[in-house]
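K.L.:
With the input below, show me the fold.
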Amino acid sequence: MSNLVKPVEESGEEREDLYGGKATSLGKLVRGGLNIPPAVVVSSKAYDNFLAETGLGGRIKVELNRKSFDDMRWEEIWDTSLRIRNMFITTELPDDLFGELKDSIKDFQDKPVVVRSSATEEDRMDVSFAGLHESFVNVRGIESIIEKIKLVWSSLWSDGALMYRKKMSIGLEKSSMAVVVQEFIEGEKSGVIFGKGPEDGNDRILESVYGLNEGLVDGEVDPDRWIIDENTDKIIEHIPISREVAIFSGSDGTEKRDLPEDKREVPPLDDFEVDKVVSVSKKADSLFGTPQDLEWTIKEGKIYVLQSRPISTIDRGNQDGELSYYQSLKPKFEKMKVLRKKVEDNLLPSLVEEIENLDKMNLEDFSNSELAEEVGRRRDIYNKWHDIYYDEFIPLAHGVRLFGQFYNDVMKPQDPYEFVNLLRGADFISKKRNDKLLELTEMIRDSGDLKKQLKNGKKKTDNPDFEKNFAEIIDMYDESLFSSYETRDSLIELLLEFVKNPTGKNRKYRSIEQIEDEFIEEFDEDKRDFAKEILELGRASYRLRDNDNIYMGKLENRVTYAIEEGKDRIRESGRTVSTDVSEVEVISALKDSSYTPKKPDKEKKSDESHQKIKQLRGQPASGGVSTGKVRVIKEKSDLFDFKEGEILVVDSINPTMTFVVPIASGIVERRGGMLVHGAIIAREYGIPCVTGIANAADILKNGDGVTVDGYLGIVKVVEAN
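P.N.:
Now for the predicted structure:
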């Protein structure tokens, strides 16, 4: 055995910095006489050597220091995590380190193993990283084990782990990772037992499922539960559940299967087995001197302890709830499939129906008191869907993350965002609208007479096809974009800008079909259907990420329409109404004809001078490099001043604004992440995009010359205005 890899029983508490909390606990259990599957621990020194010898440590520091974590949105943290994970995937182990690991784990080459994290901060009383780092079950073969070790190392930098470290004030520079390689025991029944109930700190709680623990830990399989009296060790209560499925080993990892009929009506444990598990739990509690959260499995009547950690939820307030939030950032395929069906088959059609029902109302027929009630009702409807948006739509958008990680693990691309090429061409509503604009552009370009009529400001051309398509554009935008200025003139100006630049400047891609074929061919025949399923989930999630905001924008417009109708009536009665008055004030004024709406208090903005900054660092969101003049968008009306070839600089792009993207030469956005709308639409058109630059719309000024580097995530000011 090498200096970097030790039998788990040698991982003493005095060297927890080398072996991590999980391995140290296993070592103590072995020395205490409990039955543990054979295991070795790859010390954190191996991880440190890998980072030092390959230069990966320095590259990770660059990623972590792009900007302050305090200024990063969650999407940016995920992007950072994805890039770091890809570095581990594509960086080969140095020959000497590979040889040392290979020699040290050779006893496992013909056995299935579990590869588990054992981070140096993991499984302590004051913090818990349960579920935040990677574990891999039923891994076979030396090469595959070493590959999984690298993925466990990379999970030190998962988005959930990074955010949890920040929350718990754990310095990133101190983070390191040991790894446990443990013989895989395929138990007939498995579970967890808590030396003290996590909820109330009393009694002992035992949970068990048929098959493997993965289903219980991931929440995919509900367990039977027993409450054990802390003084007598007798069963106080058994809480059964409906037993239909369980997790078993598969040809590659694990798989969910239906339970045989004869097991569905019978609890996984009988009373004798409950007593045996309780006895093991008590021994572990005594050994550590504190109640343990013990994971175990039973095979052929023999109990194996798989891992143990102190129960860190007692007297820690809501910290367990916070941990579960970070755990939830790791999307699960089966849950995503169920959520996708719910959103596509139920929620989105219901949202569209809600909008259509509002459109059937003629607010002009409402009395003032009825209109007041309708404004409040519409606001309640919007708030309801706003909650659904965050509870259902946004979690489904995580399917893109799931596919991206899956693609990178299989294909090992140098570009961590290569997977996005397979998502291009999704059925985006905003893309359809932009394509319609481009159709109009081609009509103008092909007809000199039509172009002349439009330039001369003719209110209606003599081209019926143009007028028909123009009306369709207005309808597609739902009038949300054109509520405060002249619709036709503004859109004509934009179309004439489009004419200056055909769509031929777009980046050239390989066909989606070719990329998809290469991806699917990486899998054996029996796994290709799953690969196609996860690809379709990624596409559906990617599509929803843009389209749900279109629908939410439409719904919000219906609220705004009712409020504006109320404002008009108040003004007609001779009272003054400011443009930004709240709907609460509008409702009050509609109900009481003597009430004048109060103006909202406005914050004073400091008159900041133009900051002389030469370079801004953000997140790379769409590859390419372009130089152009800045056009800052702060109001919707600013969009119609946009000129061909300018750099679009904005706080946050929403789907109603993306119509100018085809004539932009680059995009800079304050909001960060690969999945913000500016990044999505930029990739569709092959336009360089950098996101996550704080105060971009304040730092950069109209007319500034900048170079946007979408590969490195950098914006250089080449000429200040």
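K.L.:
show me where pLDDT drops low in the stretch 451-600 of the chain?
P.N.:
In the predicted model of the stretch 451-600 of the chain, residues 477-488, 501-510 satisfy pLDDT under 70.
K.L.:
where along it do the helices fall?
P.N.:
464-476, 487-499, 512-520, 528-572, 583-591 (DSSP state H, counting those that start in this stretch).
K.L.:
Save those helices as CSV, and put in mean neighbour count and distance to Thr297 too.
P.N.:
For every residue, glycine as well, the C-beta is placed using N, CA and C. Shown next, in CSV, are the helices of the stretch 451-600 of the chain (neighbours: other C-beta atoms under 10 Å; distance: least, C-beta to C-beta, whole Å):
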stretch, mean neighbour count, distance to Thr297
helix 464-476, 14, 57
helix 487-499, 18, 64
helix 512-520, 13, 35
helix 528-572, 19, 26
helix 583-591, 20, 58
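K.L.:
Out of those helices, the one nearest Ser279 is which?
P.N.:
helix 528-572 (41.2 Å; C-beta to C-beta).
K.L.:
and the angle from the closest one to helix 512-520?
P.N.:
Interaxial angle of helix 528-572 relative to helix 512-520 (axes from the mean of the first three to the mean of the last three C-alpha atoms, to 10 degrees): 130 degrees.
K.L.:
how far away is the residue positioned nearest the centre of the chain from Leu438?
P.N.:
In the chain, the C-alpha nearest the mean C-alpha coordinate belongs to His398, at 4.2 Å (C-alpha atoms, centre = their mean). Remark: distance between His398 and Leu438 (C-beta to C-beta, to the nearest Å) = 32 Å.
K.L.:
Next: Gly623.
P.N.:
Counting by C-beta to C-beta - Gly623 and Leu438 are separated by 22 Å.
K.L.:
More neighbours: these two, which one.
P.N.:
Neighbours were counted for Gly623 and for Leu438 using other C-beta atoms under 10 Å; Gly623 has more, 19 against 16.
K.L.:
which residues touch that one?
P.N.:
Contact analysis of Gly623 by C-beta atoms under 8 Å, 6 or more residues apart in numbering lists 415, 417, 507, 688, 710-711.
K.L.:
Take those and write them to a markdown table, including secondary structure.
P.N.:
Output for the contacts of Gly623, formatted as a markdown table (DSSP: H, G, I helix; E, B strand; the rest coil):
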| residue | secondary structure |
| --- | --- |
| Asp415 | coil |
| Tyr417 | coil |
| Arg507 | coil |
| Pro688 | coil |
| Gly710 | coil |
| Tyr711 | coil |
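K.L.:
Buried subset of those residues, written for ChimeraX?
P.N.:
Per 16 or more other C-beta atoms under 10 Å, the buried members of the contacts of Gly623 correspond to this ChimeraX selection:
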select :417,688,710
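K.L.:
Out of the contacts of Gly623, name the two that are farthest from one another.
P.N.:
Asp415 and Pro688 (14.4 Å).
K.L.:
Tell me the bridge partners for the closest residue to Ala246 other than its chain neighbours.
P.N.:
In this structure, Ala246 finds its nearest non-sequential neighbour in Gly211, 3.5 Å apart by C-beta to C-beta, 6 or more residues apart in numbering. According to DSSP bridges, the partner residues bridging Gly211 are Ile247.
K.L.:
List the contacts of Gly211.
P.N.:
Contacts of Gly211 (C-beta under 8 Å, 6+ apart): 187-190, 221, 246-248, 257.
K.L.:
Which residues are in contact with Thr297?
P.N.:
Taking C-beta under 8 Å, 6+ apart as the criterion, Thr297 is in contact with 185, 187, 189-191, 212-213, 303-304, 306.
K.L.:
ok, 10 Å please
P.N.:
37, 184-191, 208, 211-213, 303-306 (C-beta atoms under 10 Å, 6 or more residues apart in numbering).
K.L.:
Kindly report the same for His386.
P.N.:
552, 555-556.
K.L.:
and those residues as a markdown table, adding distance to Glu497?
P.N.:
What follows is these, written out as a markdown table (distance: C-beta to C-beta, whole Å):
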| residue | distance to Glu497 |
| --- | --- |
| Met552 | 28 |
| Leu555 | 30 |
| Glu556 | 28 |
